[in-house]
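Q: Sequence below, structure please.
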Amino acid sequence: MLRVVSETTEPSNQQDSISASDLRYMQLAVEHAQRGLGHTFPNPAVGCVLVRDSGDNGNGNNGDDKTIIGQGFHPRAGYPHAEVFALLEAAGHVENGVQAAQAVVDVNQIPLGNPLVKQKQQKQQLVDRINGFLDQYANDPQGPERLFTNACQCNGKHTMEDPPPQSEVAAAATAPPWTESNAKVTAYVTLEPCCHYGRTPPCAAALNLAKVHRVVVGFRDPNPRVDGGGVQFLQQAGVQVDLLPPPLSSSPSSPSGTMASSDSASTTEAVAAMCHDLVRNFVKRIAPDKNKNTNNNTMRRQDYDSYMTGNHRMALRSRANRMKAAGTLPVSTWDGPPLYKLLSMVLADDKDKDGGEDTKNDNEAKIKVCDDDDDDEQEQDSMLSLLLDEQQKPKLVQALLQQSLSFIPGWMEQLDALLWDHELVGVRLNKAVPKKRITKLLGNCVADMLQAHVAQSQGHTVLLYRPGAPPVMDLDQLVVEYKSKSKDKKKNQQQAPPPEEDDT
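A: Prediction:
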């Protein structure tokens with residue numbers, strides 16, 4: 001039942017087509033997804049729109065009575081995906097799925113003046129409610145069923161305090177699928193719904209629970225944990241799936257995936273390109289390379305780290321020095337509060353989740369989670385002392401650093417993009433840490449999260465390398481050139497005449 005639609009397909013008169021209406025709703029899903037750009041690392045930005053068609057004439061594309069019943073986007077790693085926010089709205093659990101997701105983005109923004117202060121007004125209250133739904137969805141074995149069963153088929157919207165009557169739920173459950181009395185609902189999702197259990201249950205299963213009839217997918221997820229599995233799950237459940245074709249080129253809009261303003265934006269190819277633009281760097285990072293041999297230009301990105309040698313690193317440093325002298329070496333400067341502030345936020349959040357009790361191991365007990373009035377210097381020394389204990393608790397240090405970096409996803413996404421574009425990037429961390437040894441720890445953690453390699457750590461700067469997709473620099477050739485230049489330099493030094501002696 002999977003339909004890959006070509007640009008030449010007739011739009012609305014054939015069942016296998018993507019209609020102009022479909023493209024408009026997918027563009028709306030793209031607009032929602034763009035709200036998540038810069039906030040979702042390491043996850044992709046995804047948008048979703050749920051549309052009920054009460055006037056469907058039987059082919060899934062030609063309804064005159066279409067109503068948006070749910071919208072959403074993925075706001076942040078660790079929070080529900082776009083489909084779940086849209087379903088929360090459709091089920092009446094939140095008034096507006098996009099506003100709920102935006103509240104998550106806003107509350108988790110770090111005020112640079114005081115990163116420990118969180119917004120505690122209406123947005124925080126809404127986020128607390130979302131956290132309650134997330135806990136039920138992720139941790140209650142019956143959570144998805146209780147939240148979303150027949151959500152798209154209940155007439156009208158209801159709240160948790162005023163749930164739909166059991167007679168309505170039962171009627172939706174027993175009604176023949178997608179008859180005239182049971183309106184069809186189409187889900188427009190910019191990226192294939194997930195089919196695996198991670199921090200949350202699979203979105204494909206939630207869409208099926210909600211009685212979605214049709215799913216239009218903007219881009220197939222190349223993540224090996226998905227890679228068509230979401231489509232297959234929905235197909236096996238009897239859900240019609242239409243998949244936009246892979247784009248032949250980038251969106252006519254900006255590289256970040258913003259909406260195109262030209263007339264071509266309404267074509268299937270242009271909308272497919274928009275969906276791809278949203279996840280371009282995620283796809284490069286997550287998709288396994290198909291070719292693998294001893295040549296570094298075709299090896300899997302997951303393997304090149306062990307392939308690197310001292311000669312490779314020396315060659316990369318030499319190239320970086322030449323680029324720096326020419327003013328062409330891209331440099332990314334830490335864009336966030338000092339690291340010790342982020343560590344404070346991590347530990348404060350952990351205490352909030354544990355009801356105020358510190359349940360971590362004894363190595364963390366020596367860290368004081370400081371309030372706004374605490375002395376900054378004492379707080380900094382207390383926080384960074386843990387990192388210097390790396391030899392005893394390396395896994396704890398790694399986990400804390402990764403959680404700290406999750407508070408600055410925008411900077412991580414920018415650095416990720418720089419590495420894909422240039423392969424070799426200098427990273428300045430002087431605004432993050434005062435001690436050089438901690439710079440190396442933080443640089444290694446950043447590299448690990450980006451699947452990059454630390455070619456050099458000097459002072460408060462680290463040099464990161466990651467091959468592009470496909471790679472541009474040939475490491476082995478760089479080594480040959482580096483050795484040749486080093487040999488020539490040494491030879492010239494040996495042939496240089498000795499300095500003249502002063503007769504006096």
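Q: Would you double-check that residue 196 falls in a strand?
A: No: assessed with DSSP: H, G, I helix; E, B strand; the rest coil, residue 196 is coil; it does not lie in a strand.
Q: give me phi/psi at residue 67?
A: Phi and psi for residue 67, reported as degrees, to the nearest 10, are phi -130, psi 130.
Q: what does residue 458 give?
A: Phi and psi for residue 458, reported as degrees, to the nearest 10, are phi -140, psi 120.
Q: cool, and residue 280?
A: Dihedral angles (degrees, to the nearest 10) for residue 280: phi -50, psi -50.
Q: what's the spacing between it and residue 420?
A: Plainly put, residue 280 is 8 Å away from residue 420 if you go by C-beta to C-beta, to the nearest Å. Using the backbone N, CA and C atoms, a C-beta is placed for each residue, glycine as well.
Q: and what of residue 48?
A: For residue 48, the distance to residue 420 - C-beta to C-beta - is 26 Å.
Q: Compare those two and say which is more crowded by neighbours.
A: Neighbours around residue 48 and residue 420, counted as other C-beta atoms under 10 Å, are more numerous at residue 48. The numbers are 32 against 18.
Q: Strand partners (parallel or antiparallel) of the helix or strand where that one lies?
A: Following DSSP states H and E, the helix or strand that holds residue 48 is strand 47-53. Sheet pairing for strand 47-53, assigned by DSSP bridges, gives strand 66-73 (antiparallel), strand 184-189 (antiparallel).
Q: now for those, which one comes closest to residue 429?
A: strand 66-73 (30.9 Å; C-beta to C-beta).
Q: Would you mind extracting the C-alpha trace of the closest one into PDB?
A: Only the C-alpha atoms of strand 66-73 are listed here, as PDB (Å, rounded to 0.1, in the frame of the first residue of the first chain):
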ATOM      1  CA  LYS A  66     -11.400  19.400   5.900                       C
ATOM      2  CA  THR A  67     -10.600  20.300   9.400                       C
ATOM      3  CA  ILE A  68      -7.300  20.500  11.200                       C
ATOM      4  CA  ILE A  69      -7.700  18.600  14.500                       C
ATOM      5  CA  GLY A  70      -4.100  18.500  15.700                       C
ATOM      6  CA  GLN A  71      -0.800  20.100  15.000                       C
ATOM      7  CA  GLY A  72       2.600  19.800  16.600                       C
ATOM      8  CA  PHE A  73       6.400  19.800  16.300                       C
END
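Q: neighbouring contacts of that strand?
A: For strand 66-73, the external contacting residues (C-beta atoms under 8 Å, 6 or more residues apart in numbering) are 21, 25, 28-29, 32-33, 35-36, 45-55, 82-91, 96-98, 100-101, 152, 157, 185.
Q: Any buried residues in it, and which?
A: Residues of strand 66-73 classed as buried: 66, 69-73 (neighbour count, 16 or more other C-beta atoms under 10 Å).
Q: How about whichever helix or strand comes after it, which residues are buried there?
A: Per DSSP H and E, strand 66-73 leads on to helix 82-90 as the next helix or strand towards the C-terminus. For helix 82-90, a neighbour-count test (16+ other C-beta under 10 Å) marks 82-90 as buried.
Q: Quick check: of these, which lies closest to residue 242?
A: Using C-beta to C-beta, the buried residues of helix 82-90 come closest to residue 242 at residue 83, 16.0 Å.
Q: ok, back up a step: now render the strands paired with strand 47-53 as a markdown table, adding distance to residue 108 and mean pLDDT.
A: Shown next, in a markdown table, are the strands paired with strand 47-53 (distance: least, C-beta to C-beta, whole Å; pLDDT from 0 to 100):
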| stretch | distance to residue 108 | mean pLDDT |
| --- | --- | --- |
| strand 66-73 | 14 | 93 |
| strand 184-189 | 23 | 94 |
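Q: Which one of those strands lies nearest to residue 442?
A: Of all those, strand 66-73 comes closest under C-beta to C-beta, at 30.0 Å.
Q: on that earlier part again, can I get the strands paired with strand 47-53 in TSV with distance to residue 313?
A: Shown next, in TSV, are the strands paired with strand 47-53 (distance: least, C-beta to C-beta, whole Å):
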stretch	distance to residue 313
strand 66-73	40
strand 184-189	42
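Q: Residue 237: which of these is closest?
A: Set against residue 237 and scored by C-beta to C-beta, the strands paired with strand 47-53 come closest in strand 184-189, at 12.8 Å.
Q: Assumed residue 323 was part of a helix.
A: Yes: looking at residue 323 with three-state DSSP, it is inside a helix.
Q: give the contact list for it.
A: 329, 424.
Q: Does residue 213 touch residue 207 like I think?
A: No: taking contacts as C-beta atoms under 8 Å, residue 213 lies outside contact range of residue 207: 9.9 Å.
Q: gap between residue 456 and residue 77?
A: From residue 456 to residue 77 the distance is 29 Å (C-beta to C-beta).
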